[in-house]
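S.K.: Here you go, sequence then predicted model.
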Amino acid sequence: MNAETAYERLVRPILFSLSPEAAHNLAIRNLRAISSWPSVLRQVERFQPAPKPKTVFGLTFPNPIGLAAGFDKNGVAIPAWAALGFGFVEVGTVTAKAQPGNPKPRIFRYPEQGALINRLGFNNDGADAVVARLRALRESGDWPAIPVGINIGKSKVTPIENAADDYLYSFRLLAPLTDYVVLNVSSPNTPGLRFLQEHDALKQLLAAIRHENETVGKPVLLKIAPDLSVVGLEQIIAACEQHDVAGIIATNTTLDHSAIPSARDQTGGLSGVPLREKSTAFVRAITSRSSLPVIASGGISDAASAWEKLEAGAQLLQVYTGYVYRGPGLLREIAQGWQAP
């Protein structure tokens, strides 16, 4: 039985018999345990796709498929993600202050559409706890041979006018231990966060991070929403170019639930197959206007949707919801495309 068949026939039915958040927590607990067992990690490595090294913003990725932020918010299973064959992993979103997130239930499955809606609200252990965990992993010698990024956001209790200081606190702690940093200003689940995509607020944040980064020298990326106007997107691109942003992640989840009529009254960000077309359009819009590298995230559920993003100009890919539905077989299916003559 191959990896895809084993996941879809055995693992997924067990996980989907649980609530979405309970299933997620169970998966993370198991992956965390696996991360401390080298013999098990070696067995897991059998599922890895073929290598296809790629260098983007000064980092070399064993393959262009990464794990999007949100799956491993606290960086507890990094060795397991590397063993499974991801070319990079993005931890977070991490906030300066630990926070429980929004009330439960806050994740909803829509299997017919291959989609999720979440309103988690940046639930995480906080920057101090995560930096201690990452430092311990580095000192243990078990740090993986793949790029590890950190995705940081604003603490819910921090007023929007103090957002830059909040990001700076997390950046100072976490940037030295990771390979790149992502500024998440686009989650729909923290009140007021998307205001930071507005021109003046974004320029203030990017200027503060650029100044701090002079002593660290890490690639800084920006993760944007798929609900921006064309004018808003062009202003963001201009601000990124002005402030030495290394790349853009397109995109976060969408507030447009029209693809799932039963979910129109549900709050939160929609991810998965219904986001595919909108995310690809944003990748194409960015690459047609700028030379900034783009990491495509949104609606990647098979080889066709992955190659659609690459043909639109993306340099790298990130998966989350597609991995929930497809498991390790998704990485292998995408990889088969670059093995073809």
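M.R.: Yes, it's here. Numbering: from 1, shown residues only.
S.K.: how far away is Pro38 from Asp142?
M.R.: 8 Å (Cβ to Cβ, to the nearest Å). All C-beta atoms are positioned from the backbone trio N, CA, C, and that covers glycine.
S.K.: more crowded one of the two?
M.R.: Asp142 (15 against 11; other Cβ atoms under 10 Å).
S.K.: residues contacting that one?
M.R.: Ser35, Pro79 (Cβ atoms under 8 Å, 6 or more residues apart in numbering).
S.K.: Secondary structure of it: a strand, I assume?
M.R.: No: Asp142 is assigned coil when assessed by DSSP: H, G, I helix; E, B strand; the rest coil, not a strand.
S.K.: May I ask you to confirm that Ile152 belongs to a strand?
M.R.: Yes: checked against three-state DSSP, Ile152 lies within a strand.
S.K.: Can you verify my assumption that it contacts Lys97?
M.R.: No: the criterion here is Cβ atoms under 8 Å, and Ile152 misses it with Lys97 at 11.9 Å.
S.K.: Those two - which one has more neighbours?
M.R.: A count of neighbours by other Cβ under 10 Å puts Ile152 above the other of Ile152 and Lys97, at 29 against 17.
S.K.: That one bridge partners, please.
M.R.: In this entry, Ile152 is beta-bridged to Val94, Leu183, by DSSP bridges.
S.K.: which residues are in contact with both of Ile152 and Lys97?
M.R.: Joint contacts of Ile152 and Lys97 (Cβ under 8 Å, 6+ apart) are Ala127.
S.K.: Sketch out the strands for the protein, chain order is fine.
M.R.: With strands called from DSSP state E, the chain shows them at 54-56, 59-61, 65-67, 88-95, 107-110, 115-118, 148-153, 180-184, 220-224, 247-250, 269-272, 294-297, 316-319.
S.K.: tell me what the first one is packed against?
M.R.: The reference is to strand 54-56. Strand 54-56 sits against strand 59-61, with contacts defined as 3 or more Cβ pairs under 8 Å, 6 or more residues apart in numbering; DSSP states H and E.
S.K.: what comes into contact with the strand it packs on?
M.R.: Pro53, Lys54, Thr55, Gly87, Phe88, Ile146, Pro147, Asp179, Tyr180, Pro219, Leu316.
S.K.: And stretch 105-122, by the same measure?
M.R.: 16, 19-21, 24, 70, 93, 95, 99, 101-102, 153, 155-156, 187-190, 253, 257, 259-260, 262-263, 266-275, 301, 321-322, 324-325.
S.K.: how about the CA coordinates for it, as CSV?
M.R.: Output of stretch 105-122 as CSV, limited to C-alpha atoms (Å, rounded to 0.1, in the frame of the first residue of the first chain):
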residue,chain,number,x,y,z
PRO,A,105,-15.6,25.5,17.6
ARG,A,106,-13.3,27.4,15.2
ILE,A,107,-12.4,25.0,12.3
PHE,A,108,-15.0,23.6,9.9
ARG,A,109,-14.6,20.9,7.2
TYR,A,110,-16.4,20.9,3.8
PRO,A,111,-15.2,17.6,2.2
GLU,A,112,-17.4,17.9,-0.9
GLN,A,113,-15.5,21.1,-1.8
GLY,A,114,-12.1,20.1,-0.4
ALA,A,115,-12.2,23.1,1.9
LEU,A,116,-11.8,24.4,5.4
ILE,A,117,-13.0,27.5,7.2
ASN,A,118,-11.1,28.5,10.3
ARG,A,119,-11.3,31.3,12.7
LEU,A,120,-8.6,30.2,15.1
GLY,A,121,-7.3,33.6,15.9
PHE,A,122,-3.5,33.1,16.2
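S.K.: Pull out the buried residues from it.
M.R.: Buried residues in stretch 105-122, counted by 16 or more other Cβ atoms under 10 Å: 106-110, 114-122.
S.K.: Same question for stretch 253-268.
M.R.: Those would be Thr253, Thr254, Leu255, His257, Ala259, Ile260, Ala263, Gly268, for stretch 253-268 by 16+ other Cβ under 10 Å.
S.K.: isn't Lys52 right next to Pro64, touching?
M.R.: Yes: between Lys52 and Pro64 there is a contact at 6.6 Å, judged by Cβ under 8 Å.
S.K.: Please say which of these two ends up with more neighbours.
M.R.: Pro64 (24 against 16).
S.K.: residues touching the more buried one, list them.
M.R.: Lys52, Lys54, Gly87, Leu310, Gln315, Leu316, Leu317.
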